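[1] Here is a sequence together with a model predicted from it:
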Amino acid sequence: MKAKQQHRRAIDNIRFGIGAKLITIISFIVVISLGSITVLVSWLIRGDLRIAAEVNNYETNRRSALEAESTFSNLRSNSRMLIQTIDIAGSSSDFSREASQSFFEENRNIAALFFTSSSGAGGILTNNRLLDSRGIDASLADSFMELFRTDLNRAASGETLLLNASPHFGSSMTALFFPWKNGYAGVLFVPTELNDSYGFGINKSYLLNDKNDVLIHPDYELVRNGANLSDNDFTMYALNYPARDSQTLYTDENNVRYFAAFTKLNIAGALVITIIEYDKVFEGLVATTRRNLLLTGAVLSISIILIWFFSKSISVPLKALAAAAHTIESGTFDLELERHKKRDEIGVLNASFHRMCSALHIFGRFTNREIAVRAMRGEIKPGGLPKHATIFFSDIRDFTAKTETFTNVFGNEASDRIVFWLNNYFTHMIDCIEKTNGVVDKFIGDAVMAHWGTVYTSGSPKQDAYNCVASALMMRKALYLLNKNRKADDPGDPPIRIGCGINTGMVTAGQLGSDLRMEYTVIGDPVNLASRVEALTKPLGADILITEDTWNLVKEDFITEEMPSVTVKGKEKPVRIFAVVNSVSSDPHPKDMAEVRRLLGIKPPALSKVNVNASEKKYTLPGGAGKKG
């Protein structure tokens, strides 16, 4: 009643309502629409630009392919006509010489012509005017013919080939070899028109032969150096593509994106590729958008200056409260909020938030935080569910003797020291559990109960079991490091050794309790067996024991040694037990249980004398297991 009266008085003391402030602010919010319109228009135009760029790039590629096919076809046709003329008239006739001269006058880009006559003799005609203008020795044509004799023979057997002759001549030069009657013919030409066409504009085209040699490219250095693009991902994609042509968005090895189109030519297995850089397509749009955003920013800046005087008293505390609410949703309840002193709705909300944070902080320390947060979000529903889980129990060795030492040495201060000592231990153990997606179920005195695959799973029972065993190994390492800094005879901070029992099976998981108090836990025979296995760690001289069900899931990931089996009531066969030595992927030590015992200071047991079926310690668990003193 008193709290309600205080809350009522706080509302009555509000001097300036948020509504009055919001009415003033809303008048200026319309300015924001300028930015929204700019973004929307830019987004729509971007889509149109992309479509236009893809269509243009594809059409450019088609035109480039048609131009290349036309060029090669004309070269082949014109060359065949001259060779036919020479073959009929005779290579030494005046008519043949005049025809050759006329041919080179009409085809000034052709540097040389190779062919075999009907008699089988080979011949070569050179365009000395072209060669001299480029400073090329005519003898290079003869050496080129000899150098590529194998390719000429391929042409004689029926193939049409395109070759990059630029490295041989030191100048832009391409060779076209094709069959002629019972022999071959070849044309050496300067691809001037293709060079000019393929390197013009923002769409760049280049031509490859059937060996992926670069024949035409805007970057002439690639042609001059005889570059080969067999290791280029897009080139191989195009060559292996089932259709003759296509287009895709391609990212090169430098993470630069391109619209890339290709067409496979009908001549010599050549390939024409046309690309345009993705970012260049949108350069104009980006510049326009930038100007519009600058204009919008200027308008918004003026508006913000006006709004600031009205909104500062609202936005600052609301942002702080929103951030705090987000933090609480993530499971962090310990917050420090700046108090809002003004007597308005924000002040009342801030004060209520302070009280809520204090209550949640206390609540979070007395319950499992992860489960509480998930229940708060509605991710954990009332009732029980079957879960394929891995259950974990751990217990401190000789805990009773250690607490008696605390009492004998510290008297009235013993309780505080024991709690501090245990909390330090629990902090490290819980950290190992949570790092592996485990959930702490409860603390039973010095013991810890946890499970994996219940509140959430890592994907499979095998992965959950792996995480549980990995967590136990992390605990071993954490305790080893803690104990290195402890003295064996220190009564205020004695070393800690633990035993861990792990079992996997189908359990019932859910919220148990009453309307006043609920607890998320698991029940079932696998839980009881995990408790019993933990009790066997001491007589078996091991710190981590797992059952056969867990072992079957993780045996490939961990080094284990089999211990004596234990007889369990209700089971026809004894349960096989395994001690965990190490992870397979970890350092080679420890490599066996003898080394584990030396590392942890565990006295090796006489396993032949251990009665694993003797009465063992159990814990008070839902479902029937009770702890014995």
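    Alright, I've got the coordinates.

[2] show me where pLDDT drops low in the stretch 101-250 of the chain?
    117-122 (pLDDT under 70).

[3] which stretches of it form strands?
    110-116, 122-126, 161-164, 174-180, 183-189, 204-208, 214-216, 245-251 (DSSP state E, counting those that start in this stretch).

[4] Run through the neighbouring helices and strands of the shortest one.
    Going back to what we said before, that points to strand 214-216. Secondary-structure packing of strand 214-216 (3 or more Cβ pairs under 8 Å, 6 or more residues apart in numbering; DSSP states H and E): strand 161-164, helix 192-198, strand 204-208, helix 220-224. (Each C-beta comes from the backbone N, C-alpha and C, glycine too.)

[5] a markdown table for these, including distance to residue 436 and mean neighbour count?
    Converted to a markdown table, those look like this (distance: least, Cβ to Cβ, whole Å; neighbours: other Cβ atoms under 10 Å):
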| stretch | distance to residue 436 | mean neighbour count |
| --- | --- | --- |
| strand 161-164 | 59 | 24 |
| helix 192-198 | 59 | 17 |
| strand 204-208 | 53 | 25 |
| helix 220-224 | 53 | 17 |
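
[6] could the ones you listed be laid out in JSON lines, adding distance to residue 60?
    Formatted as JSON lines, the helices and strands packed on strand 214-216 follow (distance: least, Cβ to Cβ, whole Å):
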{"stretch": "strand 161-164", "distance to residue 60": "21"}
{"stretch": "helix 192-198", "distance to residue 60": "10"}
{"stretch": "strand 204-208", "distance to residue 60": "7"}
{"stretch": "helix 220-224", "distance to residue 60": "20"}
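
[7] which stretch among the ones you listed comes nearest residue 529?
    strand 204-208 (68.1 Å; Cβ to Cβ).

[8] before we move on, the earlier item: closest to residue 498 out of the strands of the stretch 101-250 of the chain?
    Between the strands of the stretch 101-250 of the chain, strand 245-251 lies closest to residue 498; by Cβ to Cβ that is 52.4 Å.

[9] Can you give me every residue that contacts residue 104?
    110, 125, 127, 129, 130 (Cβ atoms under 8 Å, 6 or more residues apart in numbering).

[10] Next: residue 409.
    491, 492.

[11] Just the buried residues of the helix or strand harbouring it, please?
    Using DSSP states H and E, residue 409 falls within helix 399-410. Buried positions in helix 399-410, judged by neighbour count with 16 or more other Cβ atoms under 10 Å: 399, 402, 403, 405, 406.

[12] so what's the third one scoring on pLDDT?
    Confidence per residue is given as pLDDT, and for residue 403 that number is 88.

[13] ok, and the closest non-adjacent residue to residue 585?
    residue 557 (7.5 Å; Cβ to Cβ, 6 or more residues apart in numbering).

[14] And the nearest residue to residue 498 once chain neighbours are set aside, which helix or strand is it part of?
    Of all residues not flanking residue 498 in the chain, residue 394 sits nearest, at 5.0 Å (Cβ to Cβ, 6+ apart). Using DSSP H and E, residue 394 sits in strand 384-396.

[15] Of the helices and strands packed on strand 214-216, which is nearest residue 298?
    strand 204-208 (38.7 Å).

[16] So residue 406 sits against residue 412, correct?
    No. At 11.1 Å, residue 406 does not count as touching residue 412 under the criterion of Cβ atoms under 8 Å.

[17] about what we covered before: show the contacting residues for the residue nearest to residue 585.
    So residue 557 contacts 466, 469, 583, 584, 585 (Cβ under 8 Å, 6+ apart).

[18] Quick check: phi and psi on the residue nearest to the first one when sequence neighbours are not counted?
    Ranked by Cβ to Cβ, 6+ apart and with sequence neighbours excluded, the top spatial neighbour of residue 466 is residue 554, at 5.2 Å. Its backbone dihedrals place residue 554 at phi -120, psi 10, with angles given as degrees, to the nearest 10.
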